[in-house]
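In: Return a 3D structure for these sequence lines:
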Amino acid sequence: MAVTLADVAQACGISPSTVSRALAGSPKVRPSTREHIRRVAEQMGYAPNRIARSLSMGRTGAIGVIVPDIANPFFPPIIKAIQARAARKDTAVLLVDTDEHAGDELERARVLARQVDGLVLVSPRTPEDQLAEFVRLAPVVFVNRRVEGAACVLIENADGLQQAVQHLTALGHQRICYLAGPRRSWSNRQRRASLAAACAEFGVELSEFGPFEPQMQAGVRAADLVRASGYTAVIAYDDLIALGLMARLAEHRMRVGRDISVIGVDDSPMSGLAYPTLTSIHVPGAEAGSVAVDLLLRRLDQPGSDPAVIELETHLVIRGSTGSVRLDPLPT
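Out: Take a look at the predicted model:
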């Protein structure tokens with residue numbers, strides 16, 4: 001027979017309500033008492049009934065997660081981290097993929113909000129003037145998007161991009177091209193601004209092509225523009241665009257890392273599998289997912305608390321797709 005909350009309470013010699021609060025991590029129970037109850041419950045093999053606990057607290061025991069495109073390698077590490085963190089907190093996760101349709105995000109959130117305790121929105125594409133609507137629907141945490149008055153986990157692009165420009169200038173590159181991401185993307189606007197500041201700091205000429213969707217085919221389309229431009233180094237909005245660019249340049253017999261340097265953003269698993277391997281800016285997606293769950297559950301436990309804004313840093317991972325600038329003409 002399964003061990004019940006009442007069995008744990010009897011073994012500890014305290015009330016079931018105190019045991020319930022202690023196992024839920026309530027600050028109303030002294031830390032020493034919480035630890036004692038936790039040890040006894042673990043020794044007895046007690047497993048909490050999530051449904052019963054959720055009903056007693058007036059919650060569903062689930063959170064909703066909305067992402068623009070589950071097939072984009074930027075998002076799976078975030079999703080996996082959210083699921084792992086939520087599981088440790090005995091919380092279920094409902095996942096929605098909007099397939100890069102910005103107009104669907106708010107409607108999906110309205111439906112999801114009726115089934116969960118709160119929402120995590122990852123890189124939402126919704127226009128700025130509509131973002132407050134998400135906050136009115138349910139407790140919410142935004143990942144990779146700054147929203148005034150809301151809890152946010154932000155990925156700081158400036159450090160990684162500054163390292164990228166510094167790396168390229170050290171290799172002799174003085175002309176850099178940026179392959180821009182979607183026009184509606186908040187991350188793209190942040191990356192453009194950070195890259196412009198870094199290029200100005202190091203006295204590097206910067207040009208831009210795009211916008212492009214975060215897809216390999218977009219990089220393929222960009223390759224002919226890059227090849228004709230004469231730029232010796234390229235920084236792409238993300239790894240997918242960079243990998244598409246590299247594939248097309250190889251078809252033109254251009255040697256990435258020798259004839260031209262390419263840098264992506266995300267440091268996705270594919271960046272280490274490409275040939276040559278892709279130099280990329282590491283984005284802490286898994287950490288962002290874990291922190292987002294912690295922020296959301298904290299807001300659920302402390303409804304009156306101020307929404308926190310957490311910033312996570314990026315850094316450059318150097319691989320084979322960057323090298324010294326060529327002094328002789330590129331092959332035609």
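
In: rest of the way, CA atoms for contacts and neighbours
Out: Will do.

In: burial measure for the closest residue to A196 other than its chain neighbours, as a count.
Out: On the basis of Cα to Cα, 6 or more residues apart in numbering, the spatially nearest residue to A196 that is not a chain neighbour turns out to be L206, at 7.2 Å. By the criterion of other Cα atoms under 10 Å, L206 has 18 neighbours.

In: Give me the contacts around the helix or strand where L206 lies.
Out: Following DSSP states H and E, one finds L206 within strand 205-209. Defining contact as Cα atoms under 8 Å, 6 or more residues apart in numbering, one finds that strand 205-209 is touched by Q174, R175, I176, C177, Y178, L179, A180, A196, C199, A222, L225.

In: Name the strands paired with it and say parallel or antiparallel.
Out: The strands that strand 205-209 pairs with in its sheet are strand 175-179 (parallel) (by DSSP bridges).

In: Buried residues of the next helix or strand after the partner strand, list them for me.
Out: Using DSSP H and E, the next helix or strand after strand 175-179 towards the C-terminus is helix 186-202. Along helix 186-202, these residues count as buried under the neighbour rule (16 or more other Cα atoms under 10 Å): W186, S187, N188, Q190, R191, R192, S194, L195, A196, A198, C199.

In: How about the contacts made by the residue nearest to the spatial centre of the chain?
Out: Residue closest to the average C-alpha location in the chain (Cα atoms, centre = their mean): G285, at 4.0 Å. G285 sits next to F74, F75, P77, I78 when contact means Cα under 8 Å, 6+ apart.

In: can you do 6 Å?
Out: The neighbourhood of G285, defined by Cα atoms under 6 Å, 6 or more residues apart in numbering, consists of P77, I78.

In: cool, V226 as well?
Out: Neighbouring residues of V226 by Cα under 6 Å, 6+ apart: there are none.

In: Could you measure from it over to T277?
Out: Distance from V226 to T277, counting by Cα to Cα, to the nearest Å: 19 Å.

In: just E156 next, same as before
Out: With Cα to Cα as the criterion, E156 and T277 are 24 Å apart.

In: Which stretches in the stretch 151-300 of the chain count as strands?
Out: Along the stretch 151-300 of the chain, the segments classed as strands by DSSP state E, counting those that start in this stretch run 151-156, 175-179, 205-209, 233-236, 261-266, 279-282.

In: Any chance of those in JSON lines with mean pLDDT and distance to V135 as columns?
Out: What follows is these, written out as JSON lines (pLDDT from 0 to 100; distance: least, Cα to Cα, whole Å):
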{"stretch": "strand 151-156", "mean pLDDT": "94", "distance to V135": "9"}
{"stretch": "strand 175-179", "mean pLDDT": "96", "distance to V135": "33"}
{"stretch": "strand 205-209", "mean pLDDT": "95", "distance to V135": "35"}
{"stretch": "strand 233-236", "mean pLDDT": "98", "distance to V135": "32"}
{"stretch": "strand 261-266", "mean pLDDT": "96", "distance to V135": "28"}
{"stretch": "strand 279-282", "mean pLDDT": "97", "distance to V135": "30"}
